[in-house]
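Here's my sequence, what's the structure:
(2 chains)
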Amino acid sequence: MTQSLSYQELQEAYLALQSRVTRFSSKEQELINAQDMLDQELVGYKRMNDFHALAIEVQDVPNFMALVAETLVDLFETEIGFCCLRQLDGATCLFSHLEGGGQQNADALMETIGGLGRDAKLSFEMSSAAEDADAPIGRYMLAKRSREGSGLELVVVAAVSRHRSQTYAEFNRRAFTLFQLFVDSSVAYLESILARDRVKEQLETIRKSELEQRRLSLIATKTHSGVIITDAKGRIVWVNEAFQTNTGYASAEILGKKPREFLQSPELNSPETMHKLSRALRKQENITIDLKNIRKDGSLFYIRLNITPVFDQDEKLVSFIALQEDITAQKENEAKMMEKNEELTKINQELDQFVYSISHDLRAPLLSIQGLLGLIETDRWTEENREYLQLIDESTQRLDHTILEILNYSRNARLDITWSAFNLRSYIQDILTDLQSMRLDVITEVIWSGEELVHLDEVRVGVLLNNLLSNAIKYSKRGQDDAKVRVRVETTPEECLIAIEDNGEGIEEAHLNSVFDMFFRASNSSPGTGLGLYICKEITDKLGGDIVLTSEKGIGTTVTTTLPQIEHGQIPSD
Amino acid sequence: MLKFSSYSTRMVNTKRGVLECLESAVGDDLSNVDLLIWHASVGHDFHALVEACKEYAPQARVVAASCCGVVGAEGVSESMKDIALMAVEGKEFAVAHGDGLSGSNAFEQCQAMARSLQEQDPGINMVYFLGSGLDTANDRCLAGFESVLGADVTVFGATSSDNMKGLVNFQVVDGQVMEQGAYAIGFSDPTLKVETQATHGFVAVGEPFVVTKSEGNRIQELNGQPAWEEYTRRLGLPSSAECADTIPIGALAERLSEERAAEYGNDHILRAVTQRDGHSMVYATEIEEGTQLWLTARDEPLIFSEMDRIVQEIKGRIEGRTPVAVFHADCLARGRFLFNRIIKEELVGKMQYPFFEDGSCPPWLGMYGFGEFARLGGDNEYHNYTTALYVIYR
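This is a model prediction of the structure:
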């Protein structure tokens, strides 16, 4: 069927056809645009893959923040990318990075975007236009993500400033989905980096600890002392070479064993020693103790063992470190010394006994001689024998004096102290009276302070005072009428001080250091054995006292002795 | 003798992008670089770009222009963070610039730039021009250059753009960042020649519009109707549509003379509408009333075959000599908004591989911008919706 059309109708149909052609271009462009959008989405995922590849390599948070901010700009083709890791409580930004937006207003932008992050109500937000027309940010996608318990929050913002909002593409749902995926990935990477940091810190601590351990191990390995490290139950986990050499046990033989299982047997150390050791280990205390151990070959050896418990940061016992020093040689020397000492003591005792016996035995015939001389009446002495008999008398008296002094010395050395209470004042007075016959010209004076009753060894004090007073009288000034001996006594409950002062010839300074030496004689003006002051020193030492001699040539000599007293109640009752 | 080197990359941080390009194009020693020509997507911070250049190559003169994407020897990239460099070593060049370029002052601005170039170096034998792609009468720009340098000096280059929004574009000359400016580089190396050619591969369809009222580069009425409304109606778009919506599909064609059509491989030369101005639309060149303008449709086989043809013609004209540098301007509407990624890369491959030597692409600096300058029929000409190649050789 044919249809006739007017020119007008034909014109309209032609124009409509033209429109359809150009509109086809428009529709085709819409398809191209849709294809481009899909292509861009693909590009977005490709760029996110690039991000994954880079994020895996990033080692620290600041660089990761920079990568996230840059990727936001790249991935979403926005003007600004912002990323901030902050503390949830104080909202303090620990690390942040702003990419884009121009450098001149970076601080203001940071503040504005930081404010968006603080104010955001949801984990993810997308805003196409700010309500405030003056707001610097035109549109943004924002994420605020935190992991429970971490105390940290990651804020991520992709934004376009208001003044450039027309230049940049609008956000759409697809971009927002990609944004959410990107942020979730970022949170995961960030956690991984933070965990890696923590592991790094732990590794560093371990490394330092290993370094320290290597140093200690080197010391422990190279030291000549044995080193044992046990676990908390006392089972060996490590021993050094010196320990293996000292004991003869190889490390492999004893690992896992307790040292006492192979180094000890019951008869080696006293039960007290072993109890002390067990108690210290049980109470997890340091201990230093000497032990007798047994080697693998059965030989014995002595050790000085120092055990230190080691605790972890929670104060829980983790191990014991024992340092054992071989003191076998020292112990052997000590034993030898003890043996020698006993031997010497025995010899001394025998010698003392010998001296006493000899002196005693010598004195008996001497006294007989003196007795016989006394039986010879003086008026029967002839002129021929008088001088000889006097010489015999003097010699026997000197010999007797010498023997008496030796006996005194011997008694002092042999006999124990016998404490007793006696009146020292009358005691001194008796001695002075006995000695008065030595020199009738000497004036004696006693100055007293304190109690007269003292608690001392009466016999030894008698020997001491006899010696000191006789010396003072003997060496007092001669040839004038002012020879004088002064005795000053001060007693307290604790001690007794006796100072005997003469005004005799005195002792030269050069001899003062030797006056207490055996057989030393500072003067030849009177006869003597040189044993008197030596015995005085021995007695004061025996009594735990002190004796000091001061003297000035031509002026006189003072001997001061201080003797400790014991309390009356402490005197043994036999 | 001028020496060229190039590099392109996608890098979010502008400063790092600058450094990567410099190091990859030139190497570690940047002290011999005399001129840095940058193309950067509009998402880059051009102030940061300037500062980075000052830091890394303080002796070099710096020019830059914004674009919708870059093409380098490394391939194509159309994102907000692309950056590409052509570094030049040698002193045989001059740089001039103008600020506030528009349709009304295009001639004077470009004439002043040409004079400046000539004063700096009387031996200028070719000009690389990059002006704002928004409100400009590009034919007047060419006339301005020719008025000083003569019509024989080839003016090649492009008009800078944003990401096809038609809102803003940036130009940089040394320390100055401009939003609607232009720069021109005059090369004076006597050993260098340049061959240029452009192709679009679109076909005119339907009845033409007739420009019934115009002023300069503004079309006020088409077919007796308010221009913008008539234009969008024919495109099947609402009159509220933005310029960005019209660009991919709204190429307007002007008929060429038979002689020029034969060289061009097409009966029509294309023009873009770069901005809406109320009911009027800003045209890429000045236009006279009575001019016929056809809407167009792309012809993909023609686009590919024409690409092969112009590359072979250029190769024929350079007679087997190796290009020392290739500048390249592509219309942003020929990028991701016209082809998918694979076809686009195939197209770029078709224009690059024939110039490879020993498996290497010559230094290459290309951009997706608003328009292209290339010679046609022995004259300097402005084009839209084309691929324009500028092959510099010795």
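
could you list every residue that touches the closest residue in space to A:L75 that isn't next to it in sequence?
Leaving aside its sequence neighbours, A:L75 sits nearest to A:R47 (CB to CB, 6 or more residues apart in numbering or on different chains; 4.9 Å). From N, CA and C alone the C-beta is placed, and that goes for glycine too. A:R47 sits next to A:T71, A:D74, A:L75 when contact means CB atoms under 8 Å, 6 or more residues apart in numbering or on different chains.

so what secondary structure elements neighbour the longest helix along chain B?
As assigned by DSSP state H, the longest helix anywhere in chain B is helix B:300-318. Judged by 3 or more CB pairs under 8 Å, 6 or more residues apart in numbering or on different chains; DSSP states H and E, helix B:300-318 is in contact with strand B:193-199, strand B:202-215, helix B:341-352, strand B:387-393.

and those as CSV, adding mean neighbour count, distance to chain A and mean pLDDT?
Converted to CSV, the helices and strands packed on helix B:300-318 look like this (neighbours: other CB atoms under 10 Å in any protein chain shown; distance: least, CB to the nearest CB, whole Å; pLDDT from 0 to 100):
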stretch, mean neighbour count, distance to chain A, mean pLDDT
strand B:193-199, 24, 20, 96
strand B:202-215, 18, 4, 92
helix B:341-352, 17, 6, 90
strand B:387-393, 26, 18, 97
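
Compare those and report which one is nearest to B:A297.
Smallest distance to B:A297 across the helices and strands packed on helix B:300-318 (CB to CB): 5.0 Å, for strand B:202-215.

Does A:W238 touch A:G226 like I think?
No: at 11.5 Å, A:W238 and A:G226 do not qualify as touching, with contact defined as CB atoms under 8 Å.

With only the CA atoms kept, save the host helix or strand of B:A48 in PDB.
Assessed by DSSP states H and E, B:A48 sits inside helix B:46-56. Taking C-alpha atoms only, helix B:46-56 is exported to PDB below (Å, rounded to 0.1, in the frame of the first residue of the first chain):
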ATOM      1  CA  PHE B  46      50.900  23.500  39.700                       C
ATOM      2  CA  HIS B  47      52.500  25.700  42.500                       C
ATOM      3  CA  ALA B  48      54.100  22.500  43.900                       C
ATOM      4  CA  LEU B  49      55.300  21.700  40.400                       C
ATOM      5  CA  VAL B  50      57.000  25.100  40.100                       C
ATOM      6  CA  GLU B  51      58.600  24.700  43.500                       C
ATOM      7  CA  ALA B  52      59.900  21.300  42.700                       C
ATOM      8  CA  CYS B  53      61.400  22.400  39.400                       C
ATOM      9  CA  LYS B  54      63.100  25.300  41.200                       C
ATOM     10  CA  GLU B  55      64.500  22.800  43.700                       C
ATOM     11  CA  TYR B  56      65.800  20.200  41.300                       C
END
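
Number of residues surrounding A:N385?
Residues lying near A:N385 (other CB atoms under 10 Å in any protein chain shown) number 12.

How about A:L216?
A:L216, neighbours per other CB under 10 Å, totals 13.

how much space between it and chain B?
49 Å (CB to the nearest CB, to the nearest Å).

Which stretches in the stretch 201-350 of chain A count as strands?
Taking DSSP state E, counting those that start in this stretch as the test, the strands found in the stretch 201-350 of chain A are A:226-231, A:236-239, A:287-294, A:300-311, A:317-326.

What are the phi and psi values at the residue lying closest to B:K91 once chain neighbours are set aside?
What sits nearest to B:K91 in space, not counting adjacent residues and going by CB to CB, 6+ apart, is B:D34, at 6.2 Å. In terms of degrees, to the nearest 10, the main-chain angles of B:D34 are phi -110, psi -30.

Now do B:D34: how many residues are near it, please.
B:D34 - counted by other CB under 10 Å - has 17 other residues nearby.

so it touches B:A94, yeah?
No: with contact defined as CB under 8 Å, B:D34 and B:A94 do not form a contacting pair (11.4 Å).

Output the set of residues of chain A in proximity to chain B.
Selection of chain A residues close to chain B by CB under 8 Å from any CB of the partner chain yields A:14-15, A:17-19, A:21-29, A:32-33, A:35-36, A:39, A:43, A:70-71, A:73-74, A:77, A:79, A:81, A:99-100, A:102-104, A:166-168.

Out of those, which sit inside helices?
Among the residues of chain A next to chain B, the residues falling in helices (DSSP H) are A:14-15, A:17-19, A:21-29, A:32-33, A:35-36, A:39, A:43, A:70-71, A:73-74.

Tell me which residue of chain B is furthest from the middle?
B:G224 (32.4 Å; CA atoms, centre = their mean).

Would you mind measuring from B:V205 to B:D299?
Per CB to CB, to the nearest Å, B:V205 is found 10 Å from B:D299.

okay, the contacts of A:R47 in CSV with neighbour count next?
Below are the contacts of A:R47 laid out as CSV (neighbours: other CB atoms under 10 Å in any protein chain shown):
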residue, neighbour count
A:T71, 26
A:D74, 25
A:L75, 24
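
What average pLDDT does stretch A:454-462 get?
For stretch A:454-462, mean pLDDT is 90.
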